[in-house]
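*Asks:* got a sequence here, can you build the structure:
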Amino acid sequence: MQRSNPYRKMRIEQLNRAELIQDDEDRWQLIDIDRIVISRVWLIGVITENQTGSNNYRGLKLEDGSGCIFIKSWDGVLDKYPQWAKIEVLGFIQISQSDEELDVFVRPNIVNYVTDDNWFLVHRLKVLQELSKKQISAHIEEAQVSGLDLGIISLEDLKSKLLKVVRELDEGNGVSFSQIVEFFAEIDEEQIDAAITELLESGEFFEPKAGIYSSAFDS
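*Replies:* Here you go, the predicted model:
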């Protein structure tokens with residue numbers, strides 16, 4: 001059985017927007033909009049500042065275009081990474097308190113150079129896809145509470161229905177995005193676009209023309 005990666009791919013903006021709360025033992029935690037504790041993160045970005053200090057301290061300011069956060073260590077794991085290096089970091093969220101100020105940073109476990117800029121785009125797409133899955137689930141739950149039946153229970157279900165609808169509507173020249181949106185009028189366009197993107201990436205859809213989609217298989 002394949003185990004899921006314990007590190008959560010995130011944009012730094014998500015960390016900066018998260019809420020700081022204290023648990024029952026007065027320990028500080030970082031909570032996302034879904035009220036889930038953010039503990040292990042997978043970030044990718046550029047080092048824009050490099051700090052050194054006593055006790056082998058090294059701090060790297062990491063930016064990814066959405067925000068910045070410090071990566072800090074006291075064990076030498078960050079020593080070889082210079083300013084402007086592109087890196088990926090898998091680590092733990094840590095929160096320290098000095099007087100009344102809280103400092104949120106990442107304590108790294110794994111750090112690697114990024115040698116292909118395409119990984120920045122791949123990382124961002126994976127984050128967006130995960131957010132889209134949550135948005136679809138929230139939209140479906142809201143519709144069900146309101147008494148609407150969308151006939152869709154997950155992103156995978158939406159993808160399955162997209163495949164079926166495109167096969168039915170395609171008369172040989174493909175199906176336009178506007179036709180698909182019209183058919184799924186109760187689903188947000190961003191969520192439909194996310195499902196189409198995954199179908200294109202998996203090879204189940206192809207684009208004979210920009211914005212026109214066809215199924216790669218007959219059934």
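
*Asks:* tell me the contacts of Leu20?
*Replies:* Leu20 makes contacts with Trp28, Gln29, Leu30, Ile31, Ile95, Leu102, Val104, as judged by CB atoms under 8 Å, 6 or more residues apart in numbering. All C-beta spots, glycine's among them, are computed from the backbone N, C-alpha and C.

*Asks:* looking at those residues, spot the one nearest Gly172.
*Replies:* Nearest to Gly172 among the contacts of Leu20 is Ile31, at 51.1 Å by CB to CB.

*Asks:* okay, strands next: where are they in the protein?
*Replies:* Here the chain has its strands, by DSSP state E, at 8-9, 19-22, 28-31, 40-52, 58-63, 68-73, 86-98, 101-113, 175-176, 205-209, 212-215.

*Asks:* and the second one, how far out from the chain middle?
*Replies:* What that stands for is strand 19-22. Remark: strand 19-22 is offset 21 Å from the chain centroid, using CA atoms, centre = their mean, to the nearest Å.

*Asks:* can you tell me the strand partners of it and which way each runs?
*Replies:* strand 28-31 (antiparallel) (DSSP bridges).

*Asks:* cool, and the first one?
*Replies:* Pairing partners of strand 8-9, with direction, according to DSSP bridges: strand 40-52 (parallel).

*Asks:* pull out the buried positions in the partner strand.
*Replies:* For strand 40-52, a neighbour-count test (16 or more other CB atoms under 10 Å) marks Val41, Trp42, Leu43, Ile44, Gly45, Val46, Ile47 as buried.

*Asks:* again with stretch 169-176
*Replies:* So stretch 169-176, judged by 16+ other CB under 10 Å, has buried residues Asp170, Gly174, Val175.

*Asks:* now flag whichever of those residues is closest to Gln14.
*Replies:* Closest approach between the buried residues of stretch 169-176 and Gln14, by CB to CB: Val175, at 34.0 Å.

*Asks:* for the closest one, give me its contacts.
*Replies:* Neighbours of Val175 in contact, by CB under 8 Å, 6+ apart: Val165, Val166, Leu169, Ile212, Tyr213, Ser214.

*Asks:* please list only the buried members of these.
*Replies:* Val165, Val166, Tyr213, Ser214.

*Asks:* how about the nearest residue to the first one, chain neighbours excluded?
*Replies:* The one in question is Val165. Phe183 (5.6 Å; CB to CB, 6 or more residues apart in numbering).

*Asks:* from memory the one you found sits against Val166, does it?
*Replies:* No: with contact defined as CB atoms under 8 Å, Phe183 does not count as touching Val166 (9.4 Å).

*Asks:* re the thing from before, redo the buried residues of stretch 169-176 as CSV? Include distance to Ala195.
*Replies:* Shown next, in CSV, are those (distance: CB to CB, whole Å):
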residue, distance to Ala195
Asp170, 17
Gly174, 17
Val175, 14
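
*Asks:* from those, which one has the minimum pLDDT?
*Replies:* Among those, Asp170 carries the weakest pLDDT, at 84.
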